[in-house]
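S.K.: Sharing a model prediction with you, sequence too.
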Amino acid sequence: MARASRSLWLIADDYGFSPQVSAAIRELIAAGRLSGTGCMTLFEDWQEQANRLADLGTSASIGLHLTLTDFPALTTGVRMPGLKRLIADCARGESRSIAAEADAQMERFRSVFGRDPAFIDGHQHVHFLRPVRHWLCGRFAGLPRQMRPWLRGAPTLRAAPAGLTAKVAFARLLARGFDMEMRRSGFCVRGPLGGFYDWRKQGTFETALPFFLKKMPENGVVMCHPGRVDALLRQRDVFTDAREEELALLSSEDFPTFLARNAISLATEQGE
């Protein structure tokens, strides 16, 4: 008896993080190895990388990877706080500066693509934070569901590799109530989210990817971070060499063979 097929969203985070991260993601999109990518629009080299992505003419989902930590804000030029400080600021009621920065990053996306992003998620899962939930509801108030970006939902412990349950549980805590609240507010929320693994250990992605692809339910969202390492990436992030491991696996012939053997297809907006 043939195994029932499952459709999953494989989304590359961090488009726009550095030129070689962006180039690798474009290659994977062109080869049909991704469902889409989330864009970081706050860096000075965004315009060039965005134009190259737009020139692909792809049907892949192009979203906004909202970034509210660790980098200079578009609105002020001042370095934004780390995640723990941001959470504390949110608990004290900070919302105006967060909404202004989200608006600025959204407008940079629209300036290239001429439309809203297909989806919105967050670097370090910041879209789960209460002020961002308020911003989402206000920004898209009055629009029908089909005209709104879809949102990445809460993580699942079911697809958490051994040793990462605490990290996934923390992300789930940030997301508490998010899926239900945003669906009630008129958004499509896709998930659950998988893709957590220990990128600090060499070779981990090769075993982690099959694990969480097999564990994810229909319509689940799997995040990934493929790329090539360049000087700008090393300047901006500590997550470096594992990106090349992800790129190697996702671009290999073993990857589509694995998908076919496990009756998994990569979701697309057109496939709905």
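M.R.: Arrived safely.
S.K.: from here on, contacts and neighbour counts on C-alpha atoms
M.R.: Will do.
S.K.: Could you give the number of residues near residue 203?
M.R.: Applying other C-alpha atoms under 10 Å, we find 13 residues neighbouring residue 203.
S.K.: so who does it touch?
M.R.: Residues near residue 203 by C-alpha atoms under 8 Å, 6 or more residues apart in numbering: 242, 245.
S.K.: swap the cut-off to 10 Å and go again
M.R.: 242, 245-246 (C-alpha atoms under 10 Å, 6 or more residues apart in numbering).
S.K.: Present those as JSON lines; the columns should include neighbour count.
M.R.: Output for those, formatted as JSON lines (neighbours: other C-alpha atoms under 10 Å):
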{"residue": "242", "neighbour count": "23"}
{"residue": "245", "neighbour count": "20"}
{"residue": "246", "neighbour count": "22"}
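S.K.: Looking at those, which are in helices?
M.R.: 242, 245-246 (DSSP state H).
S.K.: What is the nearest of the contacts of residue 203 to residue 167?
M.R.: Closest to residue 167 out of those is residue 242 (18.1 Å), distances taken as C-alpha to C-alpha.
S.K.: wait, the closest one sits on residue 21?
M.R.: No. Look at residue 242 against residue 21 with C-alpha atoms under 10 Å: they stay out of range, at 11.7 Å.
S.K.: what is in contact with these two at once?
M.R.: Common neighbours of residue 242 and residue 21 (C-alpha under 10 Å, 6+ apart) are 225-229.
S.K.: Which ones among those residues lie within helices?
M.R.: Using DSSP H, none of those sit in helices.
S.K.: which residues in the stretch 101-250 of the chain form helices?
M.R.: Taking DSSP state H, counting those that start in this stretch, the helices of the stretch 101-250 of the chain run over residues 130-139, 165-174, 178-184, 204-215, 231-236, 241-250.
S.K.: now the angle from the longest one to helix 241-250?
M.R.: For helix 204-215 against helix 241-250, the angle between stretch directions is 60 degrees (axes from the mean of the first three to the mean of the last three C-alpha atoms, to 10 degrees).
S.K.: Now do helix 204-215: everything it contacts.
M.R.: 6, 8, 10, 156-161, 193-199, 220-222, 224, 242-243, 245-246, 248-250, 255, 258-259, 262-264.
S.K.: Buried by neighbour count, from these: which ones?
M.R.: 6, 8, 10, 156-157, 159-161, 193-197, 199, 220-222, 224, 242-243, 245-246, 248, 250, 255, 259, 262, 264 (16 or more other C-alpha atoms under 10 Å).
S.K.: so how far is the helix or strand of the chain with the lowest mean pLDDT from its chain's centroid?
M.R.: Here the helix or strand of the chain ranked lowest by mean pLDDT, DSSP states H and E is helix 204-215, holding a mean of 93. Offset of helix 204-215 from its chain centre (C-alpha atoms, centre = their mean, to the nearest Å): 17 Å.
S.K.: Could you export it as CSV, CA atoms only?
M.R.: Only the C-alpha atoms of helix 204-215 are listed here, as CSV (Å, rounded to 0.1, in the frame of the first residue of the first chain):
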residue,chain,number,x,y,z
THR,A,204,24.9,17.3,12.8
PHE,A,205,22.6,18.7,10.0
GLU,A,206,23.0,15.5,7.9
THR,A,207,21.2,13.4,10.6
ALA,A,208,19.0,16.2,12.0
LEU,A,209,17.2,17.0,8.7
PRO,A,210,15.9,13.5,8.0
PHE,A,211,14.8,13.3,11.7
PHE,A,212,12.6,16.4,11.7
LEU,A,213,11.3,15.9,8.2
LYS,A,214,10.0,12.5,9.2
LYS,A,215,8.5,13.9,12.4
